[in-house]
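J.: Fold the following.
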Amino acid sequence: MRVSVVVPVYNKAPWIRESFASIFAQSFREIEVIAVDDRSTDESLEVLRSLGDPRLRVVQLERNLGPAGAAQRAMDLATGEYVVRMDADDIMFPDRIAQQVAFMDAHPELGASGGHQLVLGTSDQVMRASLTDAECRAGLLFQIPIFQPTSIYRRSVLLTHGIRFQDEWPRYGEDWWMQARLLQVTQIANIDSPLIQYRVGPQNIRASSDRTAMLSRLHSGLFSYIEWPIGEEGLRAHLHALKWFPEPLAPGDIRAVAVHLHWLRGMNASTGRFPAEAFEAWVLRIWREFGYRLPPFGVRAMLAYCGVDPKPTFPQLRYMLTSWLTGRA
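T.: Prediction:
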């Protein structure tokens, strides 16, 4: 068997038929499909059992384990050379698996890869992944290297190095933690093409009302894994840098982000953890994108940003000024 498609399922009944239809319709035919129901409380299990495709195996867990545990139980049952991840509410493009198998076959140095995501219901809203191993690796602290619903893993790499999801991992970000460990033993990359239509909605774990707690656990775990001592204030600044603002920003918060990014540069210079040039590009990108989010917080926030080196670009200044003058701030 060349490809095992693994799908952890929890309360996705309204979207299962459409999602699995896109799997069964793949142009690449040599697949097995393993769906693990994580003790859903809706009709997900019944819908899965009604699908009827002979390539599908449906397993119900004895207790709810969460995304990490459910995904690993499915992966433990996989027999394919490659393991393709899928979420039960997204839709594969018809040639997704064919593209990914060809890419992995052509790049035996890769242990995993993925691609971009097109937001379902749009024609141009693309969630873009970094392409090269250096860019993915250097961006670990800022963006997940491979979007989980687009991921394909070389199963031999996972088995050889014992790379596994752990049951106790968080229900949000477990894929990010796994990829951090994968980067220790192999190279990764992404195809420059959307592979799935990604469904955004209240069914996503990322839509939880306790998002601050989820993000804090995710990112503190990443810093702990790479042994960089982030601290509570540093973690707060890091989440601000990633454009998470549960409360209005004050000028001191903007300066704290600048200090934090300077600290990241220094830590990488002293540890050599990430590729230097790619890491510097990521830090600069994060700082630039952060600036575009400041107009809603008023003139003092924008002036604080402008007072920090590196100076803002002309497009940023123009955007801040026009946002303020037109009332968009």
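
J.: how about the nearest residue to H240, chain neighbours excluded?
T.: Here the nearest residue to H240 in space, its sequence neighbours aside, is V257; by CB to CB, 6 or more residues apart in numbering that works out to 5.2 Å. Yep, even glycine has a C-beta here, placed from its N, CA and C like the rest.

J.: same thing with L249?
T.: Nearest to L249 is F297, by CB to CB, 6+ apart, at 4.6 Å.

J.: Return the distance of that neighbour relative to Y305.
T.: Noted for F297: a distance of 10 Å to Y305, by CB to CB, to the nearest Å.

J.: neighbour count winner among these two?
T.: Using other CB atoms under 10 Å as the criterion, F297 and Y305 rank with Y305 on top: 26 against 19.

J.: State the distance from the more buried one to E174.
T.: Separation of Y305 from E174 (CB to CB) stands at 34 Å.

J.: cool, and R255?
T.: In terms of CB to CB, R255 sits 33 Å off from E174.

J.: Over to E227?
T.: As judged by CB to CB, E227 and E174 stand 20 Å apart.

J.: So which of those two has more stuff around it?
T.: Each of E227 and E174 has its neighbours counted (other CB under 10 Å); E174 has more, 24 against 9.

J.: from what I can see that one touches P67, true?
T.: Yes. E174 is within contact range of P67, at 5.6 Å (criterion: CB atoms under 8 Å).

J.: so where's the stretch 151-300 of the chain uncertain?
T.: Along the stretch 151-300 of the chain, segments meeting pLDDT under 70 span 201-209.

J.: all strands in it, in order from the N-terminus.
T.: In the stretch 151-300 of the chain, the strands defined using DSSP state E, counting those that start in this stretch lie at 152-154, 187-198.

J.: Kindly compare burial across the ones you listed and name the winner.
T.: Among those, the stretch with the highest mean neighbour count (mean count of other CB atoms under 10 Å) is strand 152-154, at a mean of 26.

J.: How far off centre is it?
T.: Put simply, strand 152-154 sits 15 Å off its chain's centre (CA atoms, centre = their mean, to the nearest Å).

J.: which residues touch it?
T.: Strand 152-154 is contacted from outside by 81-85, 97, 100-101, 104, 110-114, 182, 186, using CB atoms under 8 Å, 6 or more residues apart in numbering.

J.: Can you list which of the residues you listed are found in strands?
T.: If you go by DSSP state E, these have Y82, V83, V84, R85, L110, G111, A112, S113, G114 in strands.

J.: Dump those into TSV; add neighbour count as well.
T.: Shown next, in TSV, are the ones in strands among the contacts of strand 152-154 (neighbours: other CB atoms under 10 Å):
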residue	neighbour count
Y82	23
V83	22
V84	27
R85	22
L110	18
G111	24
A112	27
S113	28
G114	28
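
J.: now, the most widely separated pair of those residues?
T.: Farthest pair in the ones in strands among the contacts of strand 152-154 (CB to CB) is R85 and L110. Separation: 15.2 Å.
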